[in-house]
Structures are given as C-alpha cells and as structure tokens.
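Participant: Return a 3D structure for these sequence lines:
(4 chains)
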There are 2 protein chains.
Amino acid sequence: MLAAEEVFAEQGTQASTEEVARRAGVAVGTVFRHFPTKADLLRALMKGLLQQLVDDADALVARGDPGTALFEFFTRLVERTTANRTVVSLLAAEGIDVPIAGALGPLTSAVQELLRRGQRAGAIRAEVRTDEVMALLVGACQGALYGGWSPDLRRRTLGIMFAGMTAPPV
Amino acid sequence: MLAAEEVFAEQGTQASTEEVARRAGVAVGTVFRHFPTKADLLRALMKGLLQQLVDDADALVARGDPGTALFEFFTRLVERTTANRTVVSLLAAEGIDVPIAGALGPLTSAVQELLRRGQRAGAIRAEVRTDEVMALLVGACQGALYGGWSPDLRRRTLGIMFAGMTAPPV
DNA sequence: AACGATAGTGAGTGGTGACTCATCTTGTCC
DNA sequence: GGACAAGATGAGTCACCACTCACTATCGTT
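Facilitator: The predicted structure follows:
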C-alpha cells in the first residue's frame, strides 16, 4: 500500500502492477489477492488521498483566517501535485475504469466552504462560484504537472488566478 | 493524414495505429510506409496543428484590437482543445518519444506578441509575463479537457483568469 | 506486351502488462 | 507434532499494440 502510493506518485497511474509489487517486495499475485483489479487498488489509494485533502481543507476552515484559507489550500494542492502524480489522476478521475465520478463530492464541499468564508470575509468576489474554483484547481494542477512549473512560476501563475478571484478594494 | 487527425483528435495520442489505418481505409503497413514510427506521424500532425495555432495568433495580431486579442486567442485555443485531444498533447509535449521540446517556440513568440500589445494598450497588467500566460494556457486546456468544462463554465473560468491579467482601472 | 519502380497489403513478431491458478509457506489450534 | 486454513508465490495465459516483410497491385515507359 505504501509502496503503491510511492510508485503511482512517481510514475502516475500507468505504472505497472509488477512495479508496485517489486517495490513492495512481494509477488504480483499478492497484490491481486488484496486488490482484485488494478482499478481497485487505485480506488483505495484515491480514497485515502481524497480524505487527506478534505482533512487539509477542514483544518484550514477551522483555523479561521478566511481571507487567505482558500488560496492557501489551492497552493498546497498544487504543490502536492508536483510531487504526486496520483493527485492529478484523482482530480481528473482518469485511468480508472469505474470512475470515482461523484467521489469528489466531499472535496467540492470543503472547497465550497472555504470559498463561502472567503466571500463573507470580503476577500473574494461574490460572483465566484464553486465550480469555477474547482475548474481552476484542476487546471492549475494539470498545468503544473504537464507544463513543469517551477516554484517561482507556480507562485506567479497562481497569483494571477487569485487576483482574478479577489474582490476589488471598495 | 486526415483520418489520423480525426482519430487522435477523438481518442488522444494513445489511439492505436490500427485504428488510424482502419479509419483511413488502408492497411497498417501503408501507414508505417509513410511514417516509419507512430511518433513520426504524431510529429507531422503536431507540426500542422502548431502552424494553425501560430497563424491564428498572427491573424489576431494583424487585426489590431490589442485589448482583446490575447483573450480571444486564449478562448479559441481552449475551445479547440475540447474538440481535439491532440492539442493538449501538443501543449504538454506528451506521448511523443522525441519530444517537440523547443517546438513550442513559435507559439510562445506569438503569445508574447499578443501579450505585449495588450500591455501597451493598457489592457493587461504590466507585470504579467509570457511564461505565466503559457502556464495558464496549458492549465486551462488540460482543465477543460479532463474537467469536462461546459461552454458556460469555460466562459466563467476563463473570465477569472482574464480578470487576474487585466489592468485595474486607473 | 514486357519491364521496373512505386505504393499497398495483412499475417506475423516481439514485447508489455493485467490477471490466473496450481503449488508452496506460515501460523494456529488441539 | 499433525492437521487445517489463510496467505504468498511466480510462471503462465491472454489481449493489445507498435512495427516488419514477403508478396501483390498499379502505373509509367519503352
């Protein structure tokens, strides 16, 4: 499980099950005993990952500081993407036969809450909607991964997205 | 060639060469006679596609209207992505053995020109840089494709990005 | 019509990767 | 220590795909 996380984080979901088994120091058969299908293994991994993200978002909600919480979450998620290719697959619901279609629900709710608080605090434009934020999130993660954003470029690019969401000074 | 364009547009670069041949109404051997390697076929396709994009950008530069040209180009490119999965592969330089690494150069130059004119016209913040615009472009295309943006969502999401790039009224 | 050249064919090859299963190992209970 | 269950093994199967090549069809030239 840990090994699988590593392998998929490094190589993405198209990494072979053999590679996962090798890294875990077991035989392929063992992997397939625990997870009848590669998709099952991926789903289990995704579930854990999703939970982490939701916890992260919840922690930011609890911490207060609504003016920056959403942006902070955004930045962290994109950072994580750079180191973990599984995240993108999760967000893109790609490479999995039975898509985790609605599985993003909890994450979306968490983002919605962060957004709502940011708006109530007057930090984010009132007309920004959750689906737009999710769309930007997916785009930023995908872009960071495939476009090879450096930390500096990431900061500047996210800065533009944030500027677009920020409420103009009254 | 036309068939290949269709197939890769629909299924992305991982479509099989057999499928391309079938669609073209020829045998696989024929495809490989013209393009010794799948990568060669892809490269040829990408080259044409890239040229189209550059021409598109150049036309917008020539048309004047520097205040909206960049955003117009941005929107068109993202729209095109929705219908053509090859575009993303091009922007991500993915799925091709010999990457077209520097091949994006002409496109980047065209974007740079659009950006510079937008800035000179006072429509775009002076501190926005070309690499940021390219990063947003890649992100938007990837996001649109894997996030399944509807036309409405696309409009609103791009709107946020554009707002982030737009110069505040003086 | 005979010839070579050029293009087209499609069964075959090799490699890869998901998944299986007969066999072996380990642990547990009496 | 013997018997049984639960887990682990890894060579093997099957499907898919990029790519090859011996052969065939078409065409322009003489």
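Participant: Show me what stretch A:153-161 is in contact with.
Facilitator: For stretch A:153-161, the external contacting residues (CB atoms under 8 Å, 6 or more residues apart in numbering or on different chains) are A:71, A:74-75, A:78-79, A:82, A:136, A:140, A:143-144, A:149, B:128-129, B:131-132, B:135-136, B:139, B:160-161, B:164-165. Heads up, the C-betas are built off the backbone N, CA and C, glycines and all.
Participant: okay, and the helix or strand of chain A with the least pLDDT?
Facilitator: helix A:85-92 (a mean of 84; mean pLDDT, DSSP states H and E).
Participant: Show me what it is packed up against.
Facilitator: helix A:2-11, helix A:38-62, helix A:66-83, helix A:130-147, helix B:130-147 (3 or more CB pairs under 8 Å, 6 or more residues apart in numbering or on different chains; DSSP states H and E).
Participant: What's the separation between residue A:122 and DNA strand C?
Facilitator: Remark: distance between residue A:122 and DNA strand C (CB to the nearest atom of the strand, to the nearest Å) = 49 Å.
Participant: Residue A:85 is in contact with residue A:10, correct?
Facilitator: Yes - using CB atoms under 8 Å, residue A:10 is in contact with residue A:85, at 7.0 Å.
Participant: So for those two, which residue has more residues nearby?
Facilitator: Taking neighbours as other CB atoms under 10 Å in any protein chain shown, residue A:10 and residue A:85 compare with residue A:85 leading, 18 against 14.
Participant: DNA strand D versus that one, what's the distance?
Facilitator: 22 Å.
Participant: tell me which element the residue of chain A found nearest DNA strand D falls in.
Facilitator: Nearest to DNA strand D in chain A, going by CB to the nearest atom of the strand, is residue A:29, at a distance of 1.9 Å. Element membership for residue A:29 (DSSP states H and E) is helix A:28-34.
Participant: Could you list the buried residues of that helix?
Facilitator: Judged by neighbour count using 16 or more other CB atoms under 10 Å in any protein chain shown, the buried positions of helix A:28-34 are residue A:31.
Participant: just stretch A:35-45 next, same as before
Facilitator: A:35, A:38-39, A:41-43, A:45.
Participant: what do you get for stretch A:140-151?
Facilitator: Buried-residue list, stretch A:140-151, by 16+ other CB under 10 Å: A:140-147, A:149.
Participant: Give me the subset of the residues you listed that also touch chain B.
Facilitator: A:140, A:142-144, A:146-147, A:149 (CB under 8 Å from any CB of the partner chain).
Participant: residue contacts, the residue most central in space within chain A?
Facilitator: What sits nearest the mean C-alpha location of chain A, by CA atoms, centre = their mean, is residue A:87, with 4.7 Å. By CB under 8 Å, 6+ apart, residue A:87 lies in contact with A:49, A:77, A:80-81, A:141.
Participant: nearest to DNA strand C, of the residues you listed?
Facilitator: For the contacts of residue A:87, the nearest to DNA strand C is residue A:49 (18.7 Å; CB to the nearest atom of the strand).
Participant: mind checking pLDDT for the closest one?
Facilitator: pLDDT for residue A:49: 91.
Participant: can you check residue A:82 too?
Facilitator: So residue A:82 comes in at 89 (pLDDT).
Participant: measure it to residue A:151 for me?
Facilitator: As judged by CB to CB, to the nearest Å, residue A:82 and residue A:151 stand 9 Å apart.
Participant: Likewise for residue A:53?
Facilitator: Taking CB to CB, one finds residue A:53 at 20 Å from residue A:151.
Participant: average pLDDT across the helix holding residue A:29?
Facilitator: Rounded mean pLDDT across helix A:28-34 is 96.
Participant: Mind giving me the ChimeraX command for buried ones among the contacts of stretch A:153-161?
Facilitator: Listed next is the ChimeraX selection for buried residues among the contacts of stretch A:153-161, using 16+ other CB under 10 Å:
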select /A:71,74,75,78,79,82,136,140,143,144,149 /B:128,131,132,135,136,139,160,161,164,165
